[in-house]
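>>> I'd like to go over a predicted model; first the sequence, then the structure.
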Protein chains: 2
Amino acid sequence: MISKKQFEEIKEKVLGYLAQANIAVTKEEIDLIEVADFGLNDIYNNGLQLLEYVNTSRVCAKELVMLPGQTCPEHRHPPFGDYRGKEETFRCRYGKVHLFVEGEATTHPQAQPPEKGKKYFTVQHEIILHPGDQYTIPVDTLHWFKAGENGAVITEFSTTSYDDYDIFTNPEIKRIPVVE
Amino acid sequence: MISKKQFEEIKEKVLGYLAQANIAVTKEEIDLIEVADFGLNDIYNNGLQLLEYVNTSRVCAKELVMLPGQTCPEHRHPPFGDYRGKEETFRCRYGKVHLFVEGEATTHPQAQPPEKGKKYFTVQHEIILHPGDQYTIPVDTLHWFKAGENGAVITEFSTTSYDDYDIFTNPEIKRIPVVE
Ligand SMILES: [Zn+2]
Ligand SMILES: [Zn+2]
């Protein structure tokens, strides 16, 4: 749960990061900014802000904005029905991103998961993205990501988003945010 | 046909526009920048520069960079085989874009097609995109677009690109560029 006050506070910060990254958004889009705390009440550590540009039956694009050291919890995008599952490419626009995916554990990772829900961060292969770097996450592959100390802005290019179908490793997570 | 010298000259300009839009690209990506003159030998009027970020079997994303007043000639993306055709969303990041699509002709359009091949610009419904504005072009819909006087940078979010299958209204056009 996020309070209305906290939501507005974080939205202001998001607009600051977008401005710093020189990413223009319309007035209408400001109202669409989503603050996701994943139901963990730990937004500055476990959280993510999103602005969905487009999400048709075929293509989705978003701007992801992260506060310093903020982490998006581990999850995967499984296939379901006729849908092959979401394939996503992260392109770092600003700041630094520590992306962790399935694969050989990095011996000395530069980033650590947050304390809350720590045991639910299981994949340990670290990929570091600076502005201009990108990485494509295949369907149904576990991943989590953390912003560096100056925050991060990431453009996500993907197939259609069906957030309800995302599977988080932490069973306490609720993807759809509650603002009170 | 574009000479090697002209290609390098335009690439320098492209890097300037990307810097102005604060869009970071890697060294490797600089080598991937495409300068398309569509075989018309009129690059400053009929032309487009592209940097393809990703083009999987499902999703494509590109940065389109346009010089002042430069126009991408009219075309459409038809379905073929099992492919439903390319759906593209243009999001203006920098400058101004005059996008023309099928629909009611705009009475006093703010932009005109270039002289060369003028008769092959047939759709006249004008949409103006400033930074933060975007527009989704449905499959198989004719469109052309022209940059404003300060050039333009556009992020394109789309389904897979198969440039060979694009259909240009001007029969003289060759989509795949020749650099000599
Ligand atoms: Zn994901
Ligand atoms: Zn097109």
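Looks like it came in fine. Ligands and ions are numbered 1, 2, ... in the order given.

>>> quick one, strands of chain A?
With strands called from DSSP state E, chain A shows them at A:34-36, A:48-55, A:59-66, A:71-76, A:88-101, A:125-129, A:134-137, A:143-159, A:167-168.

>>> Kindly present these as a markdown table, with separate columns for distance to residue A:117.
C-beta here means a position set from N, CA and C on the backbone, and glycine is covered the same way. Formatted as a markdown table, the strands of chain A follow (distance: least, CB to CB, whole Å):
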| stretch | distance to residue A:117 |
| --- | --- |
| strand A:34-36 | 14 |
| strand A:48-55 | 14 |
| strand A:59-66 | 17 |
| strand A:71-76 | 6 |
| strand A:88-101 | 14 |
| strand A:125-129 | 18 |
| strand A:134-137 | 20 |
| strand A:143-159 | 10 |
| strand A:167-168 | 9 |
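
>>> In TSV: those strands, plus distance to chain B, mean neighbour count and mean pLDDT.
Output for those, formatted as TSV (distance: least, CB to the nearest CB, whole Å; neighbours: other CB atoms under 10 Å in any protein chain shown; pLDDT from 0 to 100):
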stretch	distance to chain B	mean neighbour count	mean pLDDT
strand A:34-36	17	20	96
strand A:48-55	5	19	97
strand A:59-66	4	24	98
strand A:71-76	17	22	98
strand A:88-101	5	23	98
strand A:125-129	11	18	98
strand A:134-137	6	20	98
strand A:143-159	4	23	98
strand A:167-168	20	17	96
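
>>> wait, residue A:166 sits on residue A:74?
No: assessed by CB atoms under 8 Å, residue A:166 is found out of contact with residue A:74, at 10.6 Å.

>>> buried set for the top helix by length along chain A?
Using DSSP state H, we find that the single longest helix of chain A is helix A:4-20. Neighbour-count burial for helix A:4-20 flags A:6, A:7, A:10, A:11, A:14, A:17, A:18 (criterion: 16 or more other CB atoms under 10 Å in any protein chain shown).

>>> and that helix, how far from the chain's centre?
Remark: helix A:4-20 is offset 16 Å from the chain centroid, using CA atoms, centre = their mean, to the nearest Å.

>>> Show me what that helix is packed up against.
strand A:34-36, strand A:48-55, strand A:59-66, strand A:88-101, strand A:143-159 (3 or more CB pairs under 8 Å, 6 or more residues apart in numbering or on different chains; DSSP states H and E).

>>> Of all the ones you listed, which one comes closest to residue B:170?
strand A:59-66 (27.6 Å; CB to CB).

>>> From the chain's centroid, how far away is the closest one?
Worked out by CA atoms, centre = their mean, strand A:59-66 lies 8 Å from the chain centre.

>>> now for that strand, which elements pack on it?
Judged by 3+ CB pairs under 8 Å, 6+ apart, strand A:59-66 is in contact with helix A:4-20, strand A:48-55, strand A:88-101, strand A:143-159, strand B:88-101, strand B:143-159.

>>> how about JSON lines for these, with distance to residue B:135 added?
Shown next, in JSON lines, are the helices and strands packed on strand A:59-66 (distance: least, CB to CB, whole Å):
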{"stretch": "helix A:4-20", "distance to residue B:135": "20"}
{"stretch": "strand A:48-55", "distance to residue B:135": "10"}
{"stretch": "strand A:88-101", "distance to residue B:135": "21"}
{"stretch": "strand A:143-159", "distance to residue B:135": "17"}
{"stretch": "strand B:88-101", "distance to residue B:135": "6"}
{"stretch": "strand B:143-159", "distance to residue B:135": "9"}
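
>>> Compare these and give me the one nearest residue B:25.
Of all these, strand A:88-101 comes closest under CB to CB, at 10.1 Å.

>>> who does that closest one pair up with?
Strand A:88-101 sits in its sheet next to strand A:125-129 (antiparallel), strand A:134-137 (antiparallel), strand A:143-159 (antiparallel), going by DSSP bridges.

>>> between those strands, which gets nearest to residue A:57?
The nearest among those, by CB to CB, is strand A:143-159 at 9.7 Å.

>>> pull the CA atoms of the closest one into PDB?
The C-alpha coordinates for strand A:143-159 follow below in PDB (Å, rounded to 0.1, in the frame of the first residue of the first chain):
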ATOM      1  CA  HIS A 143      15.200 -11.500 -13.700                       C
ATOM      2  CA  TRP A 144      15.500  -8.600 -11.200                       C
ATOM      3  CA  PHE A 145      17.200  -5.300 -11.400                       C
ATOM      4  CA  LYS A 146      18.500  -2.500  -9.200                       C
ATOM      5  CA  ALA A 147      19.300   1.100 -10.000                       C
ATOM      6  CA  GLY A 148      22.700   2.600  -9.200                       C
ATOM      7  CA  GLU A 149      23.200   5.400  -6.700                       C
ATOM      8  CA  ASN A 150      22.000   8.100  -9.100                       C
ATOM      9  CA  GLY A 151      18.800   6.200 -10.000                       C
ATOM     10  CA  ALA A 152      18.000   5.000 -13.600                       C
ATOM     11  CA  VAL A 153      15.800   5.500 -16.500                       C
ATOM     12  CA  ILE A 154      15.200   2.500 -18.800                       C
ATOM     13  CA  THR A 155      13.200   2.300 -22.000                       C
ATOM     14  CA  GLU A 156      11.600  -1.100 -22.300                       C
ATOM     15  CA  PHE A 157      10.700  -2.400 -25.700                       C
ATOM     16  CA  SER A 158       8.600  -5.600 -25.500                       C
ATOM     17  CA  THR A 159       5.700  -7.700 -26.700                       C
END
